[in-house]
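Novice: My questions concern the predicted model and sequence given below.
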Amino acid sequence: MLNEESPRRHTIPVVVCLSVAAPLLLSCVIAPWLMSRLSPSAVLAVFQIYYSVLALLVVIIVCYWERRPLRSIGFRWLTMKEVGLALLAGIVLFALIPALVIVMERVFRIPTQTRMTAVAAQFAKCPIWLLVLLAANAGFVEEIIYRGYCMERLRGLTGRMWPGAVLVLVVFTALHALNGLGVGYVVGVVFPLAALLTGLYLWKRNLTLNIAVHFLTDFLALVLLPLLLPLL
């Protein structure tokens, strides 16, 4: 079995394919084609399946090709303190969403609320089980692909965490912009939250913690944010 830290020649191509090329293919080629043929809910389902397959590919690559344990991409058991940290961080990140929107709208005069309102209204029509599924899928998939595999494998090659952290922030932010959230919302809300999640992983190096925080943040946003929008 290979040492967890040992670099592999295939790492860069795999990272680029899974974290950059495959998402760009979906956003720039597949999604426009689907939107002209399927309903928005069907397109959303395709997105969830597509990204779930990418995350599953990461797990297969790690376990059966690289023959490394999942702890090599950051999976750890949560301690009781980390459970409390996950709850606190998830609530704080959720609270930051409307706060950042207000700052972007009223301080920097960058329109963000209109697009957020439209997205929130769309999700408000979904049943609660679907919202749980969407939040869980985002938490698991995005953290496995970006904070886990991308950052850890680039660290194995370079000996440093910052190359993976920079790539994650750039790609993660760009993909959300391509998915139609609007430049103002992406720059003012998505980027800061992504930076905080990246910082959390750099601090704790526990992918399970990141998944829990990401899930809770997204779930609260999908369920509670539509109720808060009239108050902003």
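Specialist: Good, I have the coordinates.
Novice: May I see the buried residues of the helix or strand that contains E152?
Specialist: Using DSSP states H and E, E152 maps to helix 151-158. Buried residues in helix 151-158, counted by 16 or more other CB atoms under 10 Å: 151-157. Just so you know, the C-beta spots here come from the backbone N, C-alpha and C atoms, and that holds for glycine as well.
Novice: got those as a markdown table, with pLDDT and distance to A221 columns?
Specialist: Conversion of the buried residues of helix 151-158 to a markdown table gives the following (pLDDT from 0 to 100; distance: CB to CB, whole Å):
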| residue | pLDDT | distance to A221 |
| --- | --- | --- |
| M151 | 92 | 24 |
| E152 | 91 | 27 |
| R153 | 89 | 29 |
| L154 | 87 | 29 |
| R155 | 88 | 30 |
| G156 | 84 | 33 |
| L157 | 83 | 34 |
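Novice: Show me the shaky parts of this structure.
Specialist: 1-10, 113-116, 119, 180, 227-232 (pLDDT under 70).
Novice: which residue is nearest the centroid of it?
Specialist: Against the mean C-alpha coordinate of the chain, by CA atoms, centre = their mean, the closest residue is E142 at 3.7 Å.
Novice: if we can go back for a sec, possible to save the buried residues of helix 151-158 as CSV with distance to L38?
Specialist: Listed next are the buried residues of helix 151-158 as CSV, based on distance: CB to CB, whole Å:
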residue, distance to L38
M151, 34
E152, 35
R153, 34
L154, 35
R155, 39
G156, 40
L157, 39
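Novice: Closest one to L134 out of those, please.
Specialist: M151 (23.8 Å; CB to CB).
Novice: Quick one: residues contacting that closest one.
Specialist: Contact partners of M151, counting by CB atoms under 8 Å, 6 or more residues apart in numbering, are 74, 161, 164-165, 168, 198, 201.
Novice: Give me the subset of the residues you listed lying in helices.
Specialist: By the criterion of DSSP state H, membership of the contacts of M151 in helices covers 164-165, 168, 198, 201.
Novice: Going by distance to H176, which of those wins?
Specialist: The closest of the ones in helices among the contacts of M151, once distances to H176 are taken by CB to CB, is V168, at 12.3 Å.
Novice: surely that closest one meets R147?
Specialist: Yes - between V168 and R147 there is a contact under CB atoms under 8 Å: 6.5 Å.
Novice: Between these two, which contacts overlap?
Specialist: Common neighbours of V168 and R147, using CB under 8 Å, 6+ apart, are T198.
Novice: Between these two, which is the more surrounded one?
Specialist: The residue with more neighbours, out of V168 and R147, is R147; 28 against 23, by other CB atoms under 10 Å.
Novice: now the more buried one: how far from L154?
Specialist: Distance of R147 to L154, given as CB to CB, to the nearest Å: 12 Å.
Novice: how near is A120 to W33?
Specialist: 26 Å.
Novice: sorry, back to before: next, the residue nearest to the centre of the chain: secondary structure please.
Specialist: The three-state assignment at E142 reads helix, by DSSP: H, G, I helix; E, B strand; the rest coil.
Novice: returning to that earlier point: between the ones in helices among the contacts of M151, which has the most around it?
Specialist: Neighbour-wise, those (other CB under 10 Å) top out at G164, 27 neighbours.
Novice: name the helices or strands packed onto the helix ranked longest in the chain?
Specialist: With secondary structure taken from DSSP H, the chain has its longest helix at helix 80-106. If contacts are counted by 3 or more CB pairs under 8 Å, 6 or more residues apart in numbering; DSSP states H and E, helix 80-106 sits against helix 113-124, helix 183-185, helix 191-204, helix 207-228.
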